[in-house]
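S.K.: sharing a model prediction with you, sequence too.
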Amino acid sequence: MIWLAVLLPFLGFLVNGWLSFFRPDAKRAVSVIGVGVLVASFISALAGVVGLAGAVHDAPYIVHMWSWMPVGELQVDLAFQVDELSAVMLMVVTGVGALIHVFSVGYMREDRSYPRYFAYLNLFVFFMLVLILGANFPVLFIGWEGVGLCSYLLIGFWFDDEAKATAGKKAFIMNRIGDFGLLLAMFMIFRAVGSLDFLEVFDAAPAAFVTNGPEITLITLLLFLGCIGKSAQIPLYTWLPDAMAGPTPVSALIHAATMVTAGVYLIARTNILFAMAPVSGAVVALVGAVTALFAATIALKQWDIKKVLAYSTVSQLGFMFVAVGVGAYAAGIFHLVTHAFFKALLFLGAGSVIHVMHHAYHHTHSGEDAQDMRNMGGLRKFMPWTAAVMWVATLAIAGVPGLSGFFSKDQILAEAFARGQGAFLFYVIWALGAVAALLTAFYMTRLMLYTFHGPNRTGEAEAKQLHEAPWVMTGPLVVLAAGSALGGFLNLPHVLPGAGWLEHWLKPVTEGSVPYLSEAHLSAGLEWRLMGLATLIAAAGMIAAWYFLKPDRLGAAKAAPAEAGVQRVLLNNYYVDELYNTLIVRPTDWVSRKVLWRIIDMGAIDGAVVHGAAKVSRLLGWIGTRFQTGNLGTYVVLFVIGVLFVLSAVAG
């Protein structure tokens, strides 16, 4: 069932890829195939996971396909590993991925490259499944590079627009930086252990590495470099906001079910290595906390509805890295699952809004930006279902008690606070996370107020074209809303009945790291107080947004004054892109053009080697022509001189 779950999306890619060339107008067939393979993949994965849950097993199931790299000591099989961690990821990728595929039928229906879109989308899911199921580092790396490729193809899907094509290249290139770190880590692991299979590496790690030693610390930091690129953490996060250039369902797939979750998964998969390197764990947690707060501040002032959600994803990924950094691997995966529900819902809901806004502006031939929240307002009365379900997701991500985000985010902050009893740094990490949570509640409430409440700012003619999205788009939102509301019950706090189900489920994967982690325990009273504080934080952020933000005073984008001061800095992402452009891009471009091209390539290689060889050949040819006089006597004299020279050389 597992290999079938992987194979089906790949078959969908092949068939829809063929249709994109030979039957681009066969949209019904494309829809049935594109969505059908994902639904079938989800059913196959579900059957496999149910079988795993019902079976008694002492070790993960390894599904061997064939021997891939039999090279001396390096023996790598193309194999899948089915265990409790990969089972959770399977459900997220295929389940949320299938809903995004269904939504795409309505969203992309009128696009002329509809078959190509579904071919890429199917391929994206295929590579993510390879990544999470790989039984060794090389197979994981296939999926790792594959999702990078698909992100490039889908972010730059409308490649005839230069800005969108550039955004795709930016994502691809920045991820190569992180991937270099992952490759180096793989080489070091093989040198130390003699294997790249997960089971063999993790079994041999206690004997092969010194706890907190320089080798294991360097390996885990290199692994984390790969995670920084793939999961968009400081300093390699800037590609993710630009990834909004792709179709909105692609954004939902990247942010919720694939690509950016890969870094969190990798650390959870290699948890014993990170547990043996406490310095690396602290670095992971600190980078995650700083990223969570940094991205949350930027989201405060974005006007593009998708940019708000993009920086929100960067921030929420920071929370996940805080969890896996402090050793709370189950908490990190828990937030990954709940985030998949409410972030997919938020992006698809934003997609519904953009879809309707674009239709309204296109119908009236208006050139207004359909993604700018200043051009929206009052959409609740036109799109009541979308507004309702997006409020569910907003309350969940803000941390309102009872909803999924409250339980998962609260658990991360509680775990960080508990570690603070052994090191003050973790109290700092908790404080950074708490402030980021406060800002999350504020900027998400801001998004909802400016989009769905207050007066309508689309214009009178445009307002007549506003309507609820079709049910092929709204239906998946309702399902995701149920997950956003109920997903928290997967792993309730220890002070509640039925607590810790997901933590218990993942125990076979994470128990190897327990001996290397400092014990962290919270009393029931302290845990209740932290939950109460988390509730106050969420309430404070939302109430502040309602109090300070006045949608009825907000004007349309074209009449808005230019931002100034701190607001301008936040709107422009602290000018980080400009800083990178000044310090890295322009110097690299100058060196490439002025030194590598003009001096080395054109001057040394072309001038000295290529053109120089041609000039020497011509010179030798010209010298040879001086001896070709046509006078037989001259030839005889030269022949005699040559013979005498040879004889003298031999005699000498």
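M.R.: Yep, that arrived. Numbers count the residues shown, from 1 in each chain.
S.K.: which residues touch stretch 570-581?
M.R.: Outside stretch 570-581, the residues within contact range by C-beta atoms under 8 Å, 6 or more residues apart in numbering are 238, 241, 294, 297-298, 300-303, 563, 569. C-beta coordinates here come from the backbone N, C-alpha and C atoms, glycine included.
S.K.: before we move on, what about stretch 48-62?
M.R.: 1-2, 5, 79-84, 86-87, 90-91, 135, 199, 508.
S.K.: tell me the least confident of the contacts of stretch 570-581?
M.R.: Minimum pLDDT for these is recorded at Glu563 (84).
S.K.: what's the burial count for the residue nearest to that residue when sequence neighbours are not counted?
M.R.: Setting aside the residues directly before and after it, Glu563 is nearest to Leu571 in space (C-beta to C-beta, 6 or more residues apart in numbering), at 5.0 Å. When counting by other C-beta atoms under 10 Å, one arrives at 17 neighbours for Leu571.
S.K.: also Ser20?
M.R.: By other C-beta under 10 Å, 19 other residues sit near Ser20.
S.K.: likewise for Gly621?
M.R.: Gly621 is flanked by 9 other residues according to other C-beta under 10 Å.
S.K.: same question for Ile173.
M.R.: 11.
S.K.: over to the one 4 residues further on?
M.R.: When counting by other C-beta under 10 Å, one arrives at 14 neighbours for Ile177.
S.K.: name the element it belongs to?
M.R.: If you go by DSSP states H and E, Ile177 is part of helix 162-193.
S.K.: output the contacting helices and strands for the helix or strand that that helix is followed by.
M.R.: Later in the chain than helix 162-193, the nearest helix or strand by DSSP H and E is helix 198-208. Packing partners of helix 198-208 (3 or more C-beta pairs under 8 Å, 6 or more residues apart in numbering; DSSP states H and E): helix 162-193, helix 271-275.
S.K.: hang on, the earlier thing: so which of the contacts of stretch 570-581 comes closest to Val640?
M.R.: Nearest to Val640 among the contacts of stretch 570-581 is Thr238, at 78.0 Å by C-beta to C-beta.
S.K.: go ahead and confirm the closest one touches Asn175.
M.R.: No - counting by C-beta atoms under 8 Å, Thr238 does not reach Asn175; the two are 11.6 Å apart.
S.K.: which of the helices and strands packed on helix 198-208 sits most buried?
M.R.: Of all the helices and strands packed on helix 198-208, helix 271-275 carries the top mean neighbour count, a mean of 25, counting by mean count of other C-beta atoms under 10 Å.
S.K.: tell me the mean pLDDT over that helix?
M.R.: Model confidence over helix 271-275, given as mean pLDDT, is 95.
S.K.: how about stretch 404-423?
M.R.: Averaged across stretch 404-423, the pLDDT comes to 89.
S.K.: ok, stretch 342-353 next?
M.R.: Mean predicted confidence for stretch 342-353 is 94.
S.K.: then stretch 495-510?
M.R.: Here the average pLDDT along stretch 495-510 is 89.
S.K.: and what of stretch 601-611?
M.R.: 82.
S.K.: distance from it to the middle of the chain?
M.R.: Centroid separation for stretch 601-611 versus its chain: 43 Å, with C-alpha atoms, centre = their mean, to the nearest Å.
S.K.: contacting residues for the residue nearest the centre of the chain?
M.R.: Taking C-alpha atoms, centre = their mean, the centroid of the chain lies closest to Val260, which sits 2.1 Å from it. By C-beta under 8 Å, 6+ apart, the contact list for Val260 reads 230-232, 240, 254, 313, 317.
S.K.: any weak-confidence spans in the stretch 501-650 of the chain?
M.R.: 627 (pLDDT under 70).
S.K.: how close does Lys169 get to Ser151?
M.R.: Distance of Lys169 to Ser151, given as C-beta to C-beta, to the nearest Å: 11 Å.
S.K.: report the buried residues of stretch 553-560.
M.R.: Residues 554, 556-557 are the ones in stretch 553-560 that count as buried (16 or more other C-beta atoms under 10 Å).
S.K.: tell me, how many neighbours does Val63 end up with?
M.R.: A count of nearby residues for Val63, using other C-beta under 10 Å, gives 18.
S.K.: kindly indicate whether it is helix, strand or coil.
M.R.: Secondary structure, DSSP: H, G, I helix; E, B strand; the rest coil: Val63 is strand.
S.K.: any idea how far it lies from Phe126?
M.R.: Taken as C-beta to C-beta, the span from Val63 to Phe126 is 16 Å.
S.K.: equivalent analysis for Asp197, please.
M.R.: Asp197 sits 22 Å away from Phe126, taking C-beta to C-beta as the criterion.
S.K.: try Leu199
M.R.: For Leu199, the distance to Phe126 - C-beta to C-beta - is 24 Å.
S.K.: likewise for Phe198?
M.R.: Relative to Phe126, Phe198 is positioned 21 Å away (C-beta to C-beta).
S.K.: same check on Thr510?
M.R.: 27 Å.
S.K.: so those two - more neighbours on which side?
M.R.: Legend: neighbour count by other C-beta under 10 Å for Thr510 and Phe126, higher for Phe126 (25 against 21).
S.K.: average pLDDT for the helix or strand hosting that one?
M.R.: In this structure, Phe126 is located in helix 114-133 according to DSSP H and E. Taken as a whole, helix 114-133 has a mean pLDDT of 95.
S.K.: next helix or strand past that helix?
M.R.: Using DSSP H and E, the first helix or strand after helix 114-133 is helix 137-155.
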